[in-house]
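# Take a look and give me a structure for this.
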Amino acid sequence: MDDDLKWFESENYVTINFDCRTWNDETVMHSLFKDKFAFPDHYGENFNALRDSLSDLSIIKTGLVVSFRHMDSIKKQTAHAVLDIFADASRRHMLFGNRLITLAQVDDPYFEIEPVGQTKVIWNGQEWFNSRRIEE
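So this is what the prediction gives:
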């Protein structure tokens, strides 16, 4: 991962690195997200707030690379949620020409995780409520 991060930095990417071994619980994790991404004081410190705040993230230079080291040291459910949220944020930023790249490193050679980045099909804003989709 070090070689990859050096390459990204040489290509003018901003890098933000996390060592997941320091995440004793989700409170610590969200506090680090808030600090390293400079989220506003009203950041809710939960996964919904993370999703919303990453959508508003300003990406400068060539792009942003976020690395998670030792990701297998946290609960698999938490790792999946974090990677899924970052995959979604990456796709959303790409729509506007911004690059958000996520790298994850694990120590366990047998570590596996469910797929991330699956996109839900949702109703548009005008048809969000059932009552607006049903003709009377």
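
# Could you use CA atoms for every contact and neighbour count after this?
OK.

# For whichever helix or strand Ala49 is part of, list the C-alpha coordinates in PDB.
Element membership for Ala49 (DSSP states H and E) is helix 47-55. C-alpha atoms of helix 47-55 as PDB (Å, rounded to 0.1, in the frame of the first residue of the first chain):
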ATOM      1  CA  PHE A  47     -23.200   6.100   9.400                       C
ATOM      2  CA  ASN A  48     -26.000   8.300   8.000                       C
ATOM      3  CA  ALA A  49     -24.100  11.400   9.000                       C
ATOM      4  CA  LEU A  50     -21.000   9.900   7.400                       C
ATOM      5  CA  ARG A  51     -22.800   9.300   4.100                       C
ATOM      6  CA  ASP A  52     -24.200  12.800   4.100                       C
ATOM      7  CA  SER A  53     -20.900  14.500   5.000                       C
ATOM      8  CA  LEU A  54     -18.900  12.600   2.400                       C
ATOM      9  CA  SER A  55     -21.400  13.800  -0.200                       C
END
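
# Could you find the closest non-adjacent residue to the residue most central in space within the chain?
In the chain, the residue lying closest to the centroid (C-alpha atoms, centre = their mean) is Phe86, at 2.1 Å. Closest residue in space to Phe86, ignoring its immediate chain neighbours: Thr102 at 6.9 Å, by C-alpha to C-alpha, 6 or more residues apart in numbering.

# Make sure I have this right: the one you found is in a strand.
Yes - membership of Thr102 in a strand is supported by DSSP: H, G, I helix; E, B strand; the rest coil.

# Any stretches of the protein with poor pLDDT?
Applying pLDDT under 70 to the chain flags residues 123, 135-136.

# Which residue ranges of this structure form helices?
Applying DSSP state H to the chain gives helices spanning 2-10, 26-36, 47-55, 76-94, 130-133.

# Of these, give the one that comes closest to Val116.
helix 76-94 (4.7 Å; C-alpha to C-alpha).

# Bridge partners for the residue nearest to Phe86, pull those for me.
Val66 (DSSP bridges).
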